[in-house]
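> Could you work out the structure for the sequence below:
(chains A and B)
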Amino acid sequence: MRAFNFRGQLRWSFCRVLIIVCIQRRVKKVNRKSQSIVTLNDLWLVLKSQAGDVEILRGVDLDVPYGESVSISGPSGAGKTSLMMIIGGMEKATRGSVVVAGVRINDSTEEDLARFRRQNVGIVFQSFHLIPTMTALENVAIPLELSGDKDAFDRARNELAEVGLLARLGHYPSQLSGGEQQRVAIARALIAQPDLILADEPTGNLDMTNSERIMDLLVQRCADKNATLLLITHQKELARRCTQHVEMSDGRIMTNLEG
Amino acid sequence: MLSTVLRIAYRDLRRGHRGFWIFLSCLALGVAAITAVMTMSASLVNGIARDGRILLGGEIAIGQQFHDLTEEQRSGIQEYSQTMTRFVEMRTLLRSEDVRRSVLISLKAIDDNYPIYGEFVVRDGGSVNELIDRDGETWGAIVDPVLVDSGRVSVGEQVFFGNAAFTVSGVIANEPDRIGSTGSFGFWPRVIISDEAVEEAGLVVEGSRTYFDYRIKLKETVDPQELRALLSEQYPHLDVRDFTNASPNLAEVIERIGVLLALAGLTTLLIGGVGVSNAIRAYMDTRLSTIAILKCVGAPQRLVFSIYLAQILLLSGVGIALGMAFGISASLASGTIIENLYSVPIAFSFSFPIAAIIITYGMLTAILFTLWPLACALNTMPSALFRNAVNAEKRTASWLYGVISALLAVVLAVIVIMTAYETRFAVWFVVCVSAAWVAFRLVGLIITLMSRKFGFRQLPALRLAIANLHRPGSATSDIVLAIGLGLSVLVATAMVSANMDEQINNLIPDNAPTFFFLGIQSEQLTEFEELVNAADGVSDLNVLPYIPGRITQIKGMNPLDALVDEDSRWLVDDDGERIFSYTADPLEGTEVIKGDWWDPEYSGPPLLSIHRDVAEGFDVDIGDTIAMNILGREITGTVHNVRDLEWRSMRLNFAIMLSPYPLSTIPHSSVGTVRAPPEVDYQLQERVASSYTNITVIRIKDALDRVSNLMAQARTVAGSISIVTILAGILVLAGIVISENRRRAYESVLLKTIGASRRYVLAAFSFEYLLQGVITATVAVIFGTVASWAVVSGLMGWDWHLIPLPALNTAILGLIISLVLGMLGILRALRHRPLMYLRNG
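Reported below is the predicted structural model:
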């Protein structure tokens, strides 16, 4: 009779688990094309102020399928940024349901939301918001570092190479131009391979030439990584590059058109 | 996780350390003050322990007052001895040919073996034994430098002790065992003569207050501590000490002063804590975007907290290390000065427990003062990045951080109390600091609230100043707290000093005696009284028996068991020896508050008249008994009356007075006082001293001058500590001024853009500092005054007087400092070019 090989059994069990997880992820990737990455139902955001309650969002319904690019436009105070903040788990809705990447985030704790953002969302701001005390490489690597990725710096180097900044790895934000800073920000948003990229006026602080380049880059990189792009912009030319257009006014979605 | 935290913390700190010098300075200053005080105190105590043999003058010291050791005792001790030296010590008058230069000194007559340990050094060189030897008609005397420096005597001059003439042959540069001197002999200026000379001078006579001392170097096989125990048991009336406890009183005084100064250092650290808090708030303000970004990219709150806590701990470590290094350097430098000036041995000591206490104080203070601003900053919402509103948010932290801060404060207070020499004083310190803290926070709040009420529309500059006091993010509260605490300490120190001065000045009431005479023998009494009364203008000669003894029982109990008030412990502690006296008639200047005086002819069993302190301290009432051992006799007296008296009147009086019988039948000496007009006092002193070599003449003014000198030294130490405290306050203010510089610069640019003149801007900002300063200084005067009252009347047990001038001067000085610093900040802000601010906003 052969002796029980504990280590062999353990190795085999581990391999089986790994195979199952891989299969599930594959199935998920295949299936998700037909699902929505963002589903908002009757979304309300009411802020309290000394002058009384202010209704920022008033019953917003929205579905964004995986892999799409959606532009959100509208006048100031329409609720665009608030909507994006709620989708990114940075603001809590007063009422309604928010499901992003299959996760209902309405009642999530701060810790859960942090994990949710780390795994699912990349954000690009109008003012770049790079950490001033860190180099371009370190700024890009930080989401991976937070996930405990040992290859964070190698991957960050590759990502910066993809956005054309291989020569600027050791530069601090103050040593980069506005366009370069935004490219670093895009690299940072995409490095963890999130399913959703939130971009709030990413070209708002850039000149026309740089705006075009950055937008090209953003759309291209999102396509490369199969990420959904949610873009707030006032520029119609930029909005036209997206597959879906949402027009907001006074806290409501006025039009929602396929591109 | 830890490596990620440390990596990001380092990366963030790498290029963002501007403004940390305030954090480091505030923390380092407080830590340095505590380190210097604790190290110095430990070094002194260790020095005394290390040099115990030198300080004591031997491995064993044996002595007694009034009588030399018997032959039997001497030969008993000789058995253990390798070398032995004998000397006698006494207080006597150094008489000069010019009687006005005569002065009470502490005389030490030594033999050829002195000193066994250490080196006796004469200022201009020479052997001590040769210098004190007879040279023709006179003996040599080596004198204390104080006597020469003050012009009382000069080298080569002839002086007199008792019946003999001496020539001042040298000046003492180092007397190795001075600190280990018995009793109060260390208090008076020292003169060294030979033991043969003292015999010839007739100073050692029956009844004279002479102390006979022996110092012994033991055979190598003898254990000093065991021998001390053996001799103490064998000869209970002898004073036996060993070198391991050469100067217990000095060690105790150093420890007490050390703890007091350490508390002052802690105050500095706490004031510095406000600066630390402000510096961290300013730093965290520059990190709000980073926090929001980290949160945006998915960093959990715990991780962000850990990153900034790690930075604070790292910086605190640097601040504490700097402070410790600075404090150690300061104690090394001052140790050298003290060692050279006062011949006190210093064995530099920086032990692990001291380091642990200092690090604990430093770290607790740093965390206590940074936790809240850190927690507030961590509440930055990532959503603020979308609207570039990171700095506009009003942030507060969870109540949990408030609770943790309160707990840290409690831990700090407990450590302060547990490590203090006197728990009661430490508790008072903690209560006072907490009360001052709360009060100054309240004052800050009241200023903020009140400033909202007033507009002063007629004076726009004043209106702007007042508005700045309550605007969001105003530093009013911090400025009031830091400057207020610093000024309070300074005012309290000034008031305590002023009270000490007044106390000393008033120590001699108008009708106080001019002289005390000690050691008047019974057979000398009549002649002595005649001699004194014969002097022109003398009055109020008052002589009372002076009989040493000890209280053995109170109300049939051990005296310590009967003690109900710790203030009266002095009556029964230590060796328990106290002085008793008797009288038939009521004493002048006392008031019988319970019972009545005994009949002047009374000769029955002993009756007692006790001071109210004895009655209250031991809960003794009329009819209770007190047993005493007086000169070997057991005497039990019954309390007949309780009296009150004013100790400071300096009239002769004793805590326990007995009816004459049986003490009047026991041989004893007496003590006397007399008033003499200034024109005859030196002659009287000379006449008594030259006629009665055994009688010690103490000129009260000379004694008080010595006390004043000691007080002046104490004031210098207290003054230097309070200066460090106010320096901490100034640093905090400087930090606030710097952290506000950008805001002020921006405001001044805007004001100038809309047409305000430079003078207007300067006036508006100056008003702000003036208003804060005046209100803070006023409250600090009140607090400092209350604190000085607590110290003077509570701790020192003296009468406290309101002396407003030093307090006001100090407050005005503090006000000027804060105004000047504020103005410097404003002028710096005014220098900025508008373009820079208007472009970047």
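> per-residue confidence at the closest residue to chain A within the stretch 151-300 of chain B?
Nearest to chain A in the stretch 151-300 of chain B, going by C-beta to the nearest C-beta, is B:Gly298, at a distance of 2.6 Å. Yep, even glycine has a C-beta here, placed from its N, CA and C like the rest. Here, the pLDDT recorded for B:Gly298 equals 86.
> how about the nearest residue to it, chain neighbours excluded?
A:Arg118 (2.6 Å; C-beta to C-beta, 6 or more residues apart in numbering or on different chains).
> tell me the contacts of the one you found?
A:Arg118 makes contact with A:143, A:146-147, A:192, B:297-299, according to C-beta atoms under 8 Å, 6 or more residues apart in numbering or on different chains.
> so what's A:Glu247 closest to, chain neighbours aside?
According to C-beta to C-beta, 6+ apart, the nearest residue to A:Glu247 is A:Thr255 (4.2 Å).
> Flag every residue of chain A that's near chain B.
A:81, A:84-85, A:88, A:90-91, A:110-111, A:114-119, A:121, A:123, A:125, A:127, A:129-134, A:138, A:142-143, A:145-148, A:172, A:188, A:192, A:200 (C-beta under 8 Å from any C-beta of the partner chain).
> In strands only, show me these.
Among those, the members falling in strands (DSSP state E) are A:121, A:123, A:200.
> measure the residue of the stretch 151-300 of chain B closest to chain A to A:Asn120 for me?
Separation of B:Gly298 from A:Asn120 (C-beta to C-beta, to the nearest Å): 9 Å.
> Compare these two (neighbour count), which wins?
A side-by-side neighbour count of B:Gly298 and A:Asn120, using other C-beta atoms under 10 Å in any protein chain shown, places B:Gly298 first with 25 against 22.
> Pull out the buried members of the residues of chain A next to chain B.
With burial judged by 16 or more other C-beta atoms under 10 Å in any protein chain shown, the buried subset of these is A:81, A:84-85, A:88, A:90-91, A:114-119, A:121, A:123, A:125, A:127, A:129-134, A:138, A:142-143, A:145-146, A:172, A:188, A:192, A:200.
> For the stretch 1-150 of chain B, which residues are neighbours of chain A?
B:1, B:4, B:7-8, B:11-16.
> and if you look at chain B?
Within chain B, the positions near chain A by C-beta under 8 Å from any C-beta are B:1, B:4, B:7-8, B:11-16, B:289-290, B:292-303, B:381-383, B:385-388.
> Give the buried subset of the residues you listed as a PyMOL selection command.
Only the buried entries of these go into this PyMOL selection, using 16+ other C-beta under 10 Å:
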select buried, chain B and resi 4+8+11+12+13+16+289+290+292+293+294+295+296+297+298+299+300+301+303+381+382+383+385+386
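> Return the backbone torsion pair for the nearest residue to A:Asp200 once chain neighbours are set aside.
In space, A:Asp200 comes closest to A:Ile232 once its chain neighbours are excluded; the distance is 4.9 Å by C-beta to C-beta, 6+ apart. Note on A:Ile232: backbone dihedrals following degrees, to the nearest 10 are phi -90, psi 130.
> partner residues bridging A:Ile232?
A:Ile72, A:Asp200 (DSSP bridges).
> check contacts around it.
Contacts of A:Ile232 (C-beta under 8 Å, 6+ apart): A:71-73, A:80-81, A:84, A:199-201.
> Quick check: the farthest pair among these?
Maximum pairwise distance among these (C-beta to C-beta): 13.9 Å, between A:Ser71 and A:Thr81.
> quick one: low-confidence ranges for the stretch 351-500 of chain B?
The model of the stretch 351-500 of chain B has pLDDT under 70 over residues B:387-395, B:421, B:455-460, B:473.
> coming back round to it: mind checking which of the residues of the stretch 1-150 of chain B next to chain A are in helices?
Under the assignment DSSP state H, those contribute B:4, B:7-8, B:11-14 to helices.
> Save the contacts of A:Ile232 as a markdown table, and put in distance to B:Ile337 and pLDDT too.
Formatted as a markdown table, the contacts of A:Ile232 follow (distance: C-beta to C-beta, whole Å; pLDDT from 0 to 100):
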| residue | distance to B:Ile337 | pLDDT |
| --- | --- | --- |
| A:Ser71 | 78 | 93 |
| A:Ile72 | 75 | 93 |
| A:Ser73 | 77 | 92 |
| A:Lys80 | 72 | 91 |
| A:Thr81 | 67 | 88 |
| A:Met84 | 69 | 90 |
| A:Ala199 | 69 | 92 |
| A:Asp200 | 66 | 90 |
| A:Glu201 | 68 | 88 |
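> Serialize those to TSV and add fields for distance to B:Thr167.
What follows is the contacts of A:Ile232, written out as TSV (distance: C-beta to C-beta, whole Å):
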residue	distance to B:Thr167
A:Ser71	111
A:Ile72	108
A:Ser73	110
A:Lys80	105
A:Thr81	100
A:Met84	102
A:Ala199	102
A:Asp200	99
A:Glu201	101
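> Does anything pack onto the one helix or strand B:Arg550 maps to? Which helices or strands?
Per DSSP states H and E, B:Arg550 falls inside strand B:539-554. Packed against strand B:539-554 by the contact rule (3 or more C-beta pairs under 8 Å, 6 or more residues apart in numbering or on different chains; DSSP states H and E) you find helix B:525-534, helix B:559-562, strand B:577-582, strand B:625-630, strand B:633-645, strand B:669-675.
> Distance to A:Ile56, mean neighbour count and mean pLDDT for the ones you listed - can I get that in TSV?
Formatted as TSV, these follow (distance: least, C-beta to C-beta, whole Å; neighbours: other C-beta atoms under 10 Å in any protein chain shown; pLDDT from 0 to 100):
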stretch	distance to A:Ile56	mean neighbour count	mean pLDDT
helix B:525-534	101	14	88
helix B:559-562	78	16	82
strand B:577-582	85	19	82
strand B:625-630	87	19	87
strand B:633-645	80	18	88
strand B:669-675	91	21	85
